[in-house]
Each structure stands twice: as C-alpha cells, then as structure tokens.
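*Asks:* coordinates only, no sequence provided:
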Ligand code: HEM
Ligand SMILES: Nc1ncnc2c1ncn2[C@@H]1O[C@H](COP(=O)(O)OP(=O)(O)OP(=O)(O)O)[C@@H](O)[C@H]1O
Ligand SMILES: Nc1ncnc2c1ncn2[C@@H]1O[C@H](COP(=O)(O)OP(=O)(O)OP(=O)(O)O)[C@@H](O)[C@H]1O
Ligand SMILES: [Mg+2]
Ligand SMILES: [Mg+2]
C-alpha cells in the first residue's frame, strides 16, 4: 500500500504523466469551486444575521478573512514546493511553486483591498499602520519580489531555482517579520484599532467563512493546475512527448 | 592542514576585496556620502523644527543606513560576475560559503562600519541626546552586518539579471524590516527611558542566525546564477 | 530634409528605449516598488501615528521619488556603454544632444511618470488630504523630468570614471535640492492654505532651463567618457 | 579619401606611435599590423574620432573629421572589440532599430535576408544574450550587409568566427572593395583576402 | 582520468548535444570542434561543473564531480571566454591574489618570471584595464605557468593573441602534456600542436 502510494507519487511527479492527470482534474475543481462559492455567497448575504453594530457592511468579512487566510496558506505551500523542488530536483514541484505565486498575490491583494474598503466605514480611514495590515503588505511585497525575480530571468530552469531559493528565505523570515511588526505596533501605539470583531462570532458566521475558504481553495487548485499545465508546455516544449502531443493534436481535432 | 588552508583563504579573500575597495576609494565614499545626504535631505524636505526632527531622527538615520547598505550591495558580486572572476571562485577547492562570508565581511568593513562611525554626527545634527546616540551606534553595529548578510543573498540571486540593481532592493527591503523595527525600537525606548535590552539581544540573535544561515543561501544562489 | 531625419531619429531612439524597457519590464516595475517600499519604511522606522506621518508625508514622498529617480539613472547609459552601443551612437550622423534628450525622455516615461501616477496612493497611506495629494502630483509632474535631466549629466560623467559615484552625488544632489525644496514647499503651502503658485512657476522655470541646457552638458560628458 | 597626417597617440606613459602618415583611396584595403598592445585599437578609434589624437589630424576628403562630424559619421561604419548589440533584443530587432537610428531606409526583408546570409537563419528571434560568442559577432557583422557607408573600419572582425564565417566575411570585404569603397582593418589571424590595392601599416617598431 | 558519460545539454529550445561519451587520460589532448553555437562553451562549462547537465554525468577518477567538488576543483584549471582578471589590479596583483586564494605557495619571483615569459615584462604594474585586448588575455594565460593542476580546460585560448603569443602558448600546452597531464580545448584558428595522443570530438552533426 505504502509502496504503491510512493510509486503513484513518483509517477505523477513527472510532467509527462502529470499533464493529462491535471487535465482530467481541472473540471472537477472548477465545479466544486463554483458550487461552494454559490453556497458561501448565499450564506453570507441571506443566512448570516445583520451585525448590530456595523450593519450590512460587515458582510465583507466573508471575503476578507478567507482571502487573508489563503494569502498566508498559499505562501507556505509555495515554499514547501520550493524546498521539494530544490532538494530533490523535482521539476514538477518547481513548476507548482511558480504556478501558485500569482494566485497567492491575488488573494493578498484581495485581502488588502477588501480590508481597506472596510476600513473606511469602520475606522474612517482606508489605511492605518496596524501590525496585521502592515505584515499583510509586506507579504504582498514578498510575492511581488518572487514574481519579479522569476520574470527577470529568461532561462526557465534558472528562474525556477532562483525564485525557489527566494521563497525559502522568505518563509524563514515570515514569522520573524510578523512577530516584529506586532511588537513594533504595540510598542508605539497603546490601544490601537485592531481588526478583531466581537470576541464570540456566531457559529453561522464561522461556517460561512469556512465554506468560502474551501471555495477559494478549490478555485486555487483549479487555477494553479491550469497554470502548471501551461508552464509544463513551455518548459518541456523540446521534449519528445510534448512535440508528439502538439503534432498529434490537430489530427485529433480533424477526426472530431 | 584543511583548517589552516581555510583561514589562509579567508585572509586572502578579505585582503583581495579590501585592496579592490582601496583602488576604488570613490566607491566607498559614495556609500557614506549617500548616507549623509539622505539624512540631510530631511530637514530640507520635511521641516527644520528641532522637535519634529528629534522625534523622527532614529527612524530617518536607520532608513538611510538601510538604503545606503542596500545600494552598496549592487557591487558585491556583480563586478566579479562580469569579468569572470566569480566563475573562478566557484572553481576553488574550498567551501563556497566560507568564501562568501569572507567577502561579506570585507564588504561590511568598507561600507557598514563607516556608517556606524559616522552616525553620531548625524544624530547630533538631528538633535538626538547622548544616550540616544550611543544606543544608535550600538544598534547599527549589531544591525548593519545583518543587512549585509541578508543583502548578499539578494545580490547573488539577481546577478546578471536585467535591472538587477533595483530588483535587489525589492527582494531585500521586506526582509530588512525586522532589523529596522528593533533597531529604531531600541533607540526610541532609550530616549523615552524604557528598557531596551530585549531589543538588543534580539538584534544579536538575528546576527548570529544570519551568520550561520545566509552564507549557505548565498552560495546556492551564486551557483544558480553562474549557470 | 534635416528636420524630418531629426524627428525620425527622435522617434527611433524613443521607441528603441521603450522596447528595451518593455523587455526588462521587471526593471520598470522595480523602480515603482522601490518607491513604494521606501515610503512604507518610514511608518515602520519613525512611528505609525497618523498625525506625525501626515506632517512628514510630502518630504518623505519627495525624498523617495528623488532616490528612485537617482537609482534608475544608473542604468541610463551604462548598459549602452558596456556593450558598445554607446560608441555606435556617438558615430551617428545626428547631433548627440538631441539623441540624449530622446533617451532621457524615454527614461522619464518609464521611470518618472509611473511615480507621479502612483503618488496619490502613497499620499493616502500617509494621511494626506485631497488638496495635498493633487498638488503633490503636480509638483512631481514638473519636478521628476528635471531630476532625470540633471541626473543624466551625472550619469554620463560617471561612465568612464570607476566609482565616480561621489562625483555624481556631489554634482547632482546640490542641483536636486532646489527642486526638492520647491516641490515640498508647494505641498506644504497648499495644505496650510497658503499661496503655492510661486513655487509651481519656479519649478516650471527649472524644467525649461534644464531641457535647454542639460542635453549639451550630457553630450559633452559622453564624448569624454567614451575616450 | 581618408588621410592621416603626423598622427601621434600617447596612452599613459607609452607613446604608441608618432609621426604616422598614410592615406586610403577608393577601392583600397588597409591592413594594420602589430603585436598585442602596439596601438592598433587606439589608432582605429582615433581614425573614427572616438579618441582625440595628441598630435596630428585625420582628414576626410581633405577636411578634419572633427569639423564635419555628421558628414564623416554618415560615411563611416565602425566595428570595435565590442559588438555594439543589445543583449535583450533579438538579432532582428537590433538591426531594425539600429538602421532606424542611422537614418532608416532598410526594409524588414533586407534584414531577414542579411541574417540568413550571415548564417543566423532560425535564430533571428532569440534575444542575443543567449547566442554563442560567435553568433553574437555575426549579428554585429550583419550591419556590414545593410550599410551604404563607403568606409569600413573593422577591429579584429574575425575573432570568435568559425572557418565558414571567416570565409564569408572575407568575400564580403572583397565585394565592398570592388564597388570602389575603402576598408581599414586589423587581425591576428591569417586570412585570404584578395583586393585591388592592399596597403599595410605596421605599428611594431 | 576524466570521463564523460551520456552527456546531454539543452539550452532554451535547442538540444545542443546528447549521448556524448568520451574520456581523457594522462598525456592526452582533446580538441573540441564545432561551428559557432554548436555548444562547445556549454560542454566545457559542464565538464567543469559550472553548468548542470540535463542528462548524464561527468566523472573524475571514476566518481561524479558533483560529489567531490573540492578534489576536482583542485585538479582543474579553467579558462573561459572571460579573462577572469580584475581590471583595477595590476597583472602582478591579479596573479598574487589569485594564487593566494587557490591555496598559495607561489612566490613573487615566480609571478614576475611568469609575466616576463608570457611577454608582459614592463607592464606588470599597470592596472590591467589599460592593457590591450591581447595583453589582458596574456595575463589570464599566465595562470597556466603558475598552476600545478593536471587538467586544463581552455575555451578559445588563442583569441586576441598575436602570432608570437599563439606560438608560445602552443609550446606551453605541449610541455604540459609531456608531463603526463591532460588538456581539453577548443579554437577556431589553425594551430600547430604536437601531442602524444590527439583526440577530437566534434559537435557538428
Ligand atoms: C487593508 C486593511 C486590512 C488588512 C490588510 C487586513 C488583514 C487581515 C489579515 C491578514 C487577517 C488574518 C489574520 C489572522 O487570521 O490571524 C485578517 C483577519 C480579519 N480582519 Fe482584517 N485586514 C484589514 C482591514 C480590516 C478591517 C477594516 C476590519 C474590520 C473592522 C477587519 C476585520 C478582520 C477580522 C474580523 C478578521 C478575522 C480575525 C480573526 O480571525 O481573528 N480587517 N485581516
Ligand atoms: N592609461 C594608460 N596607461 C598606460 N598604458 C596605457 C594606457 N592606456 C593604454 N595603454 C597602453 O596602450 C596600449 C593599448 O593599445 P591598443 O589597445 O591600441 O592595442 P592593440 O594594438 O589593439 O592590441 P591588441 O592586439 O592586443 O588588441 C597597450 O600597450 C596599453 O598598455
Ligand atoms: N536560453 C537559451 N535559449 C535558446 N538558445 C540558447 C540559450 N542558451 C544558449 N542557447 C544556444 O546554445 C548555443 C550556445 O552554444 P555555446 O555558447 O556553447 O556555443 P559555442 O560552440 O561555444 O559557440 P562559439 O564558437 O560561437 O563560441 C547557441 O546556439 C545558443 O543559441
Ligand atoms: Mg586591439
Ligand atoms: Mg564558445
């Protein structure tokens, strides 16, 4: 059983076998993402009760918090892939890491944007230098640095390895950054406005947030698989299997 | 034998880079000059009121030191890369990470240390008191080597990359933030009579950690970049 | 005939440099991000209090723009110098100063203009009000081309001289300072409800003067550097 | 016609050459000889006006080149130790932008044609930084195919080229001379070049 | 003994070579042939361990060079397209610091001697940036005179050299081979090199 698993793992870690598998999985993840998103949005707008202090504007939380969670998760997953890719020289892991980055940056941006949007009615300002906000901003910088480095290097192999190294350095620093920013803020500002709401959130709200988080996850997986397929084609274009497939495709079209 | 050849290599590397730095004395002075100018721009750009200046002084000096150190990083490996000497270094029969550490040390001697020594003057200009000035020097002494060590990773990663100079700042500046926060935090704490030892020991811990870890990362990055 | 070939060359030069900039898109973006990051370092280094931040905002943004523009200037001629294309430009049958102006214009389009467009966001982050923000944009729009034009002279002079960076800072920064003072002065005046038109017309005068004069200086400096 | 009168060049402590006189007429080929460091590159750059001579002058059609820079430059094609191509651009873009800068009038077909002829067919659309040393040199040399300038000044044009490319370049130079133009060059390799009039100037003393 | 097994190198879209096998024993000279862009430089860099092969391996005394980097590096001297010298330092300083870095044991007299032999006498104390193209190459080549490494890997060592210097270098290579060492090199020039065993590997297909 274990060895079978290991073999399957090994099998699908080669781009050649991964490519068709990903192709088959993508529609499923898209489907799940859409269903969960519909359920989640329905719950956020119609099931969850109106907040007695903030009114309706608080509903943005159902996008904001899952997006903030995703932004951090994705960085961790990306760094994990980077480590695997560098230590075992697995090309597939390198490609997954680079496929994750844009989505991670997108969620970071979404968290910042929804947060800023929310901040105006609640705090009266789009931006305050709060610890959590600041560290989210720094996370965005890390993502952008990762992507810039990758796009600045032409050779795809070198680009993947250099940016993997950067992701690892970043992940070591991330807790230090988070923690120092927190300390910095509490040192300077006694009682600062902080984005924590009522201590006990209604369980319906937690459920809604979890549903939204899962929706985001499914979306992430679908998008990342699609991006990984594109990266595979680009990086493996000189291999025989890609050439065969590219040459075979038009014929398959014609038969249809 | 191995140990003695390692220390011989260390000495050779440091003396090579110091010789080169002396040949381009102008370069070393630029870093210093940049530091001074950035700090002096603030009274001009912000406001000449002493009260305001004093309150922003630690932040301004630290940010200036951080930018100056980052700028000087551009040249840490790029010259060696372009003329092919870096290639030759990768082919030396000694561990690359030790070599890298020696290079960073030499670099700090000519670009970090002078900032530390100059900072009291600038602190005075911005109206810091003597306690603040002493603490500023101590934090810079602990912090600038960390900046150089972290920066080396970024410099190695962006070697030969188009527009590497500015890219390096994008990669490295977010990683500098903890050092900045604890550096200025200590000075602020001292000037407001609070306890600052926690900050200092954290800075020390950063230093130890980065001496141990970053040379490995830099060495790996160099191997990737030279491909 | 001469005029049409001049404008043809102008277009060719600008489109060449814009093509190159698009190839190194990372480069363009990094200047921008450098600007953003430097501005964001100040709240971290100085203090997160909005009141304090608002009062130093114009100075901080202007200093950051000045540094970003100075850094990006490093690459204005140096790439062309190293790969020998600058040599070829000197051998073109057209006036070098026009060529230089075209290059600086292209450079400003990709490195100065984006800063101007981005400044409102940063102004907001530092708590500037909308009047201040508008004026900030106007002053940057007038001021950043002056920075590029003056900086080009410095960049050309440092080409030959190894690490002539000091020379550049010495030459360029004193000339930058009036721009900085009138730029921030205008914003400060506006936020405190005073008259700012004098500042703006002075900035405009700087712009006209530097468009006329600096290309000649830059061209002369290039000829010297290529020897 | 190119004339060099009593030229002297001093670099650092070394007087590389002094009292140098020669002239080059249409259809003539001038080969510069000299060992490493004898001043060949310095002389070529002086002739192009990139380096100022310490004594003497360079005349083009009887007038000092410094007093007619635009005219002289439009008659000149110089190829130095550096290739003078942008590594981010493809070979095609390099040539197109280069010709637009120097006055234009070259069509895309001509450029593709030139690249094909110089042996870069199939690599026209790679950024030149990934090309090999010899391929980069070929990109630089394809300017020769596109230019109308009567005077070519070539500093070791054959370095990094393989045997086939060396031969192709030699034929190109011969054809240029046949049209009544001038070429001035230097090389350390032995190259078989047949020209109407071959002049030699040696800088070894 | 150097062995290359089933080596493959892919750059961008181009598979430069694949299934490459050869070996080099003491006293043998290997000349790499191939037109511009055929992958000579890439192969030499792979053999030195600077470039990672996409397939296959390089063995030194039977073991992969990646698993014994320090041993292999101390047996290797590589000279690439770049000279690998600092332009701010003089020729003498370049050699002294270079030898100190790679383990030392070279006296100042030996260095002056080497520079004299390679034809740089009188220019030892100029910063190398003012040297001519060929003189710079000579500074790089003088490392050959100071090194004890049994394996030399030379990428177009003859470029920019004048006739005398080409000859001197050829004699140097021959002497190195006589001592039972190995040399692997590539050049586009025709050079007269006599060696016990001459192997040729061609990358043109
Ligand atoms: C640009 C502005 C903002 C940013 C960057 C931001 C960032 C974040 C991040 C990173 C988290 C996840 C933290 C964690 O799970 O530990 C989070 C959670 C949260 N945010 Fe925001 N936020 C912003 C504005 C706001 C505003 C204006 C509010 C409401 C007043 C708010 C309310 C919340 C709440 C209630 C949570 C969940 C807290 C928890 O799980 O403990 N945020 N935000
Ligand atoms: N600033 C300087 N100080 C001293 N000597 C200098 C200086 N600049 C150049 N030189 C000398 O001038 C000569 C430069 O010659 P040049 O580059 O023209 O040689 P070359 O004939 O082209 O040689 P090669 O065949 O190697 O290309 C060299 O001997 C060099 O040492
Ligand atoms: N990233 C890349 N993308 C596409 N092609 C590349 C890339 N990197 C290298 N190449 C190709 O690989 C080859 C590089 O070969 P290499 O430099 O080893 O040639 P060489 O045999 O040394 O040639 P020369 O004789 O000109 O020095 C060239 O054909 C080049 O076009
Ligand atoms: Mg020369
Ligand atoms: Mg080669």
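*Replies:* Arrived safely, thanks for sending. Since this is a predicted model, take the numbers as computed values, not measurements. Ligands and ions are numbered 1, 2, ... in the order given.

*Asks:* any idea how many residues pack against the residue of chain A found nearest ligand 3?
*Replies:* Residue of chain A nearest ligand 3, by C-beta to the nearest ligand atom: residue A:155 (4.8 Å). Every residue, glycine included, has its C-beta placed from N, CA and C. Counted by other C-beta atoms under 10 Å in any protein chain shown, the residues lying close to residue A:155 total 14.

*Asks:* tell me which residue is most central in chain B.
*Replies:* residue B:148 (3.5 Å; C-alpha atoms, centre = their mean).

*Asks:* from chain E, how far out is it?
*Replies:* Relative to chain E, residue B:148 is positioned 21 Å away (criterion: C-beta to the nearest C-beta, to the nearest Å).

*Asks:* what sits closest to that residue if chain neighbours are left out?
*Replies:* residue B:108 (4.6 Å; C-beta to C-beta, 6 or more residues apart in numbering or on different chains).

*Asks:* mind checking how far the one you found is from residue B:211?
*Replies:* 11 Å (C-beta to C-beta, to the nearest Å).

*Asks:* check contacts around residue 99.
*Replies:* Since you didn't name a chain, this refers to chain A. A:224, A:225, A:227, A:228, A:231 (C-beta atoms under 8 Å, 6 or more residues apart in numbering or on different chains).

*Asks:* hmm, I had chain D in mind actually
*Replies:* Per C-beta under 8 Å, 6+ apart, neighbours of residue D:99: D:105, D:106, D:111, D:146.

*Asks:* verify the contact between the last one and residue D:108 for me.
*Replies:* Spelled out, it's residue D:146. No. Using C-beta atoms under 8 Å, residue D:146 is not in contact with residue D:108, being 11.4 Å away.

*Asks:* coming back round to it: so which of the contacts of residue A:99 wins on neighbours?
*Replies:* residue A:224 (26 neighbours).

*Asks:* quick one: buried residues of the helix or strand encompassing it?
*Replies:* If you go by DSSP states H and E, residue A:224 is part of helix A:203-235. Neighbour-count burial for helix A:203-235 flags A:205, A:208-209, A:211-229, A:231-232, A:235 (criterion: 16 or more other C-beta atoms under 10 Å in any protein chain shown).

*Asks:* return the nearest residue of chain A with respect to chain C.
*Replies:* Closest approach between chain A and chain C, counting by C-beta to the nearest C-beta: residue A:129, at 3.3 Å.

*Asks:* mind listing what the residue nearest to residue B:148 touches?
*Replies:* Contacts of residue B:108 (C-beta under 8 Å, 6+ apart): B:144, B:145, B:148.

*Asks:* tell me the one of those nearest residue B:171?
*Replies:* Using C-beta to C-beta, residue B:148 comes nearest to residue B:171 of the contacts of residue B:108, at 14.7 Å.

*Asks:* which pLDDT does the model give that closest one?
*Replies:* Note for residue B:148: predicted pLDDT of 95.

*Asks:* quick check: phi and psi on the residue of chain A closest to ligand 3?
*Replies:* phi -70, psi 120 (degrees, to the nearest 10).

*Asks:* would you agree residue B:101 is in contact with residue B:213?
*Replies:* No. Using C-beta under 8 Å as the test, residue B:101 is too far from residue B:213 to be in contact (11.2 Å).
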